[in-house]
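Q: everything below, folded, please.
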Amino acid sequence: MDVSASAAWLDFKYANYSNGQCNTAQQTDSLQANGSTADCYQDLSGEPADYAPEWSASVGVSHRQPVSPGILLASSVDINYSDEYYLAADLDPASLQDTHTKVNARIAMLSESGWQVAVSAKNLLDEETRSTGEDIPFGNGNFYANAICRQLPAACPIAIDQLLDKQGAFYGVTERSRSYSIDLRYQF
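A: Numbers count the residues shown, from 1 in each chain. Here you go, the predicted model:
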């Protein structure tokens, strides 16, 4: 049996970052107040960076056991934990990835003659996670769309005051939900 484990504590906060990029709501406020987003900055001093969870950890266990001459049973389980973290550098609340724990498992029969049959399950707890995310340029309420509509009102299908809802548009690439697989292999 093999056991592996790791844990990380990251205490990262910006010491001095007074000219951080504004998020969509802040840019919308700036656009409404000043007619521009050119001077829109946020003070991120004392805030974490994107993709910087405070805690993360993983544990894995694997086992191999002969079941008959020339046939081996192999199994493994791994558990991966991550604290919450932001996906976007502007720390937009829409980009906050919640704390999550993912569990994966695999069991396989292996033969000395080269064949293998395995059943795997990934993300057994069916955690919803995103690998990346960011504002969408020209999305409803987005600062890019707001700026263009102010400069070229005829190009906008809706009135500027309807566009300034501060919600913006945000995309996130969702990682795979719970999944199962059966693997058949033969080496020759």
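Q: with just CA atoms, put the lengthiest helix in the chain into CSV.
A: Across the chain, the longest stretch assigned as helix under DSSP state H is helix 24-34. Taking Å, rounded to 0.1, in the frame of the first residue of the first chain, the C-alpha atoms of helix 24-34 are listed here in CSV:
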residue,chain,number,x,y,z
THR,A,24,-17.6,45.4,-13.8
ALA,A,25,-19.7,47.1,-11.1
GLN,A,26,-16.9,49.6,-10.3
GLN,A,27,-16.4,50.4,-13.9
THR,A,28,-20.1,50.9,-14.4
ASP,A,29,-20.1,53.4,-11.5
SER,A,30,-17.1,55.2,-13.0
LEU,A,31,-18.8,55.4,-16.4
GLN,A,32,-22.0,56.8,-14.9
ALA,A,33,-20.1,59.3,-12.7
ASN,A,34,-17.4,60.4,-15.1
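Q: C-terminal to that helix, which secondary structure element comes first?
A: As assigned by DSSP states H and E, the chain's next helix or strand after helix 24-34 is strand 41-42.
Q: just the residues contacting stretch 36-45, thanks.
A: Stretch 36-45 is contacted by residues 14-23, 26-27, 30-31, 90-91, 143, 147 when judged by CB atoms under 8 Å, 6 or more residues apart in numbering. In this view, the C-beta of every residue, glycine as well, is placed from N, C-alpha and C.
Q: how far away is the residue sitting furthest away from the middle of the chain from residue 112?
A: Distance from the C-alpha centroid of the chain peaks at residue 69, with 44.9 Å (CA atoms, centre = their mean). Distance of residue 69 to residue 112, computed by CB to CB, to the nearest Å: 9 Å.
Q: same check, this time on residue 59
A: Residue 59 is 30 Å from residue 112, by CB to CB.
Q: more neighbours, those two?
A: For residue 59 and residue 112, the more surrounded residue by other CB atoms under 10 Å is residue 59, and the numbers stand at 15 against 9.
Q: residues touching that one, list them.
A: 3, 4, 5, 78, 79.
Q: give me that answer again for 7 Å
A: Residue 59 makes contact with 5, 78, 79, according to CB atoms under 7 Å, 6 or more residues apart in numbering.
Q: which of the residues you listed are buried?
A: 78, 79 (16 or more other CB atoms under 10 Å).
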